[in-house]
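K.L.:
Whatever this is, show me its structure:
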Amino acid sequence: MKHSIFLFLATFVFVSTLYGQDKPIDLGEVLIVADTKLEDFSNTQETTILTDSIIRKSKPSLTNLLNTNTTIYFKENGAGMVSSPSFRGTTAQQTAVVWNGININSQLNGQTDFNTINPTVFDKLTVRSGGGSVLYGSGAIGGTIHLTNTLSYKKGFRNSVSLDYGSFDTYAVTYTGEVVTNKFSTKIAVNRSGSENDFEYVEKEGKNLNGSFYNTSVNTTIGYKIDEVNSLTLYNYVYDGERHFSLIFPSELPTKYKDFNTRNLLEWKGNYADFTSKLKFAYITEEYKYFPSIAKSNFSTANVESFVAKYDAGFTISEDIQVNGVLDFTQNKGEGTNIQQETRNITAFNLLLKHQVSNRFLYEITARKEITNTYESPFLYSAGASFKATDFYTIKVNTSKNFRIPTFNDLYWQGSGNPDLKPETSYQAELGNHFNFQNFEIGVTTYYNALQDMIRWLPNGSAWMPVNTDRVKIYGLESQLGWNHTIGKHHFSANATYAYTVSKNDKTEKQLIYVPYHKGTATLGYALDRLSAYYQLLYVGEVFSNSDNDPEFNVDAYNISTVGLDYSFGKNKNYTLGFTVRNLLNTAYESVASRAMPGRNYNLHINLNF
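P.N.:
Below you'll find the predicted structure:
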């Protein structure tokens, strides 16, 4: 089967390249992006782009960035510890993280720990709300988070250095360098972060014990222009981290956890007037080591190697119609202390259509089917439309079927794995309303999501076993607001988000644990010449910590404020000195029951561009 896939890929590439040879488009100084489908086929769903300035305000983790700027809720087992998202009321395994077009959720537990990703080493971050399994595969139910690296062929030599130091011995050093010639483009970003994380508790005695963490991220992108239409691009990302898990009680045994993840992607792209050819090969590894005692050398471990081959052929049928056909093959090989060596092969076929009927109306239809011997794969689809009713009002509608496949832990955990599990499936619909005035934007989206065959680990005699059991109904509302205004040299801005989420077990009618009914964020900004200042507010409503929704065990609601001040100096404003105060009011709060978060803390940073 694998050999036939590669033969088909090679034939498809050859024939497709011949098709477009007489109609080249000069690459020139074009920006190279691996995941063009994100922009081409997301016109009927909500997408939010987080700019460089937003990323700089929200260092050092992806958790902090998304928690303070989007409607996504995060459950953190303490500062810097394991961080799990709930996107539109779904579970952590139902939010996909996509790196340059490749889904990188763990094959072991099905999710991404957002405190193991440093956003400063990426060029662009995009949040796509709602179902995306047709484009991005398993887990893209609540939404997808896109980590993107870009390359340009604009000649130059550019460098930047960012230095951060703050409370609890927290530090971060980031270097970014870029070298570009007519034929070659190279960009590298390196970050080293760490913290003793030994903050004093607020409103109670004691401090955070055994909470230190350290990590290094290296992101490299190398591009080569073969000729005026063909290019090769290599993407590489390495993460090496160590965390000591915070203790709830001083008498507990200190533990630690090591992660080592690599992502590698090679892409050959050909650009033509009415045809685009993309051939991708990816090699992804993940490995963890858990030490039940930091004083001893024994540990448990698991690792997975994933190989992905993907071919994407895009056809411009006319000025108004775009069609893409995608074929991909994925192989996962995993083993560990509690998992014998297992291999999973998945072949997927995608068909994507976008039709711009007029300058006011377009629709999109996409479909996906997988073939594998591990589980019975459902037929997936997405259909949506966008209509610009007036110059300031646009309405969007989308419906889709999405899924999440069982993980290696679900299927193969020794003594507990269940090889008969079915994928979780989701049927959802959303309606978006967008108002765009001269300097004011409002978006309001309502959605409904019906989940079935949810996988839960339940008692089975003396052990626990994963089974397809729950049905969940989710509905809610999301809103975004953006405003900016300039008076002379004074620049004002405001951004806000709000989410109302109901996510209930269909049988018990109880809200899922760690899904708040209410979450809101707000950011106010002011700039004058070289000076800029901002204020951020994060509000999270109370959450249930047990499935019975017993209010005695609720995690209380909290408000967290952050203020920051930056000053740029140098002839071209290429140096910036800044100061940030987080948790301004020194609020005592928890994200997870019994896991205290830091009180007021400070950060000093300097950015140098040369």
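K.L.:
Report how many residues lie close to Leu209.
P.N.:
16 (other CB atoms under 10 Å). C-betas here are computed from N, CA, C, even on glycine.
K.L.:
Now do Ala273 against Gly325, distance only.
P.N.:
18 Å (CB to CB, to the nearest Å).
K.L.:
With Thr255 instead?
P.N.:
Distance from Thr255 to Gly325, by CB to CB: 48 Å.
K.L.:
now swap in Leu411 and tell me
P.N.:
From Leu411 to Gly325 the distance is 30 Å (CB to CB).
K.L.:
So these two - more neighbours on which side?
P.N.:
Between Leu411 and Gly325, counted using other CB under 10 Å, Leu411 has the larger neighbour count: 20 against 15.
K.L.:
Next, the more buried one: secondary structure please.
P.N.:
helix (DSSP: H, G, I helix; E, B strand; the rest coil).
K.L.:
I'd assumed Asp420 was in contact with it.
P.N.:
No: the pair Leu411 and Asp420 fails to qualify as a contact (CB atoms under 8 Å) at a distance of 9.1 Å.
K.L.:
Show the residue spans covered by the helices in the stretch 301-450 of the chain.
P.N.:
408-412 (DSSP state H, counting those that start in this stretch).
K.L.:
Need the single longest strand in the chain, by residues.
P.N.:
strand 463-487 (DSSP state E).
K.L.:
strands paired with that strand, and their directions?
P.N.:
Strand pairing for strand 463-487, determined by DSSP bridges: strand 440-460 (antiparallel), strand 490-505 (antiparallel).
K.L.:
got the buried residues for it?
P.N.:
465-468, 470, 472-476, 478-482 (16 or more other CB atoms under 10 Å).
K.L.:
What of stretch 243-261?
P.N.:
Within stretch 243-261, the residues that count as buried by 16+ other CB under 10 Å are 243-247, 254-257, 259, 261.
K.L.:
can you pull the contacts of the nearest residue to Tyr558 once chain neighbours are set aside?
P.N.:
Of all residues not flanking Tyr558 in the chain, Tyr589 sits nearest, at 3.7 Å (CB to CB, 6 or more residues apart in numbering). Residues in contact with Tyr589 (CB atoms under 8 Å, 6 or more residues apart in numbering) are 556, 558, 560, 596-597.
K.L.:
quick one: pLDDT of Lys571?
P.N.:
On pLDDT, Lys571 comes in at 84.
K.L.:
go on, the one 5 residues further on?
P.N.:
Among the per-residue scores, Thr576 shows a pLDDT of 96.
K.L.:
Which strand or helix spans it?
P.N.:
Taking DSSP states H and E as the definition, Thr576 sits inside strand 575-582.
K.L.:
Can I get that strand in PDB? Just the C-alpha atoms.
P.N.:
Taking Å, rounded to 0.1, in the frame of the first residue of the first chain, the C-alpha atoms of strand 575-582 are listed here in PDB:
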ATOM      1  CA  TYR A 575      15.900  49.500  20.100                       C
ATOM      2  CA  THR A 576      13.100  49.100  22.600                       C
ATOM      3  CA  LEU A 577      13.200  49.100  26.400                       C
ATOM      4  CA  GLY A 578      10.100  47.900  28.200                       C
ATOM      5  CA  PHE A 579       8.600  47.100  31.600                       C
ATOM      6  CA  THR A 580       5.600  44.900  32.400                       C
ATOM      7  CA  VAL A 581       3.600  44.300  35.600                       C
ATOM      8  CA  ARG A 582       1.400  41.100  35.600                       C
END
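K.L.:
Quick one: list the elements packing against that strand.
P.N.:
Applying 3 or more CB pairs under 8 Å, 6 or more residues apart in numbering; DSSP states H and E, we find strand 575-582 packed against strand 558-569, strand 601-609.
K.L.:
Give the next helix or strand downstream of it.
P.N.:
Past strand 575-582, the next helix or strand by DSSP H and E is strand 590-592.
K.L.:
Just checking: what are the partner strands of that following strand?
P.N.:
Partners of strand 590-592 in its sheet, by DSSP bridges: strand 595-596 (antiparallel).
K.L.:
Please compute how far the partner strand lies from its chain's middle.
P.N.:
25 Å (CA atoms, centre = their mean, to the nearest Å).
K.L.:
Strands of the stretch 301-450 of the chain, residue ranges please.
P.N.:
Counting by DSSP state E, counting those that start in this stretch, the stretch 301-450 of the chain has these strands, from start to end: 321-336, 339-356, 361-371, 380-388, 393-404, 424-436, 440-460.
K.L.:
Tell me which of the ones you listed approaches Ala92 most closely.
P.N.:
Between Ala92 and the strands of the stretch 301-450 of the chain, the shortest gap by CB to CB is with strand 393-404, which sits at 10.8 Å.
K.L.:
could you give the mean pLDDT of the closest one?
P.N.:
98.
K.L.:
I'd like to check the angle between it and strand 440-460, please.
P.N.:
With axes from the mean of the first three to the mean of the last three CA atoms, to 10 degrees applied, the angle from strand 393-404 to strand 440-460 works out at 20 degrees.
K.L.:
Give me the buried stretch members for strand 393-404, please.
P.N.:
394, 396-404.
K.L.:
would CSV of those with distance to Val97 be doable?
P.N.:
Putting those into CSV (distance: CB to CB, whole Å) gives the following:
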residue, distance to Val97
Thr394, 28
Lys396, 24
Val397, 26
Asn398, 21
Thr399, 24
Ser400, 19
Lys401, 21
Asn402, 15
Phe403, 17
Arg404, 13
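K.L.:
Flag whichever of the buried residues of strand 463-487 scores worst on pLDDT.
P.N.:
Asp470 (85).
K.L.:
Beta-bridge partners for that residue, please?
P.N.:
With DSSP bridges as the rule, Asp470 is bridged to Met454.
K.L.:
Correct me if wrong: it contacts Trp457.
P.N.:
No: using CB under 8 Å, Asp470 makes no contact with Trp457, being 11.6 Å away.
K.L.:
Taking the centroid of the chain, which residue is nearest it?
P.N.:
In the chain, the centroid-proximal residue (CA atoms, centre = their mean) is Ile145; its distance is 2.6 Å.
K.L.:
That residue is in contact with Ala92, isn't it?
P.N.:
No: counting by CB under 8 Å, Ile145 sits too far from Ala92 to count as a contact (11.8 Å).
K.L.:
what is in contact with these two at once?
P.N.:
Here Ile145 and Ala92 share the contacting residues Thr112, scored by CB under 8 Å, 6+ apart.
K.L.:
now the longest strand of the chain: how far from the chain's centre is it?
P.N.:
14 Å.
K.L.:
Could you do stretch 398-408 as well?
P.N.:
Averaged C-alpha coordinates place stretch 398-408 at 16 Å from its chain's average position (CA atoms, centre = their mean).
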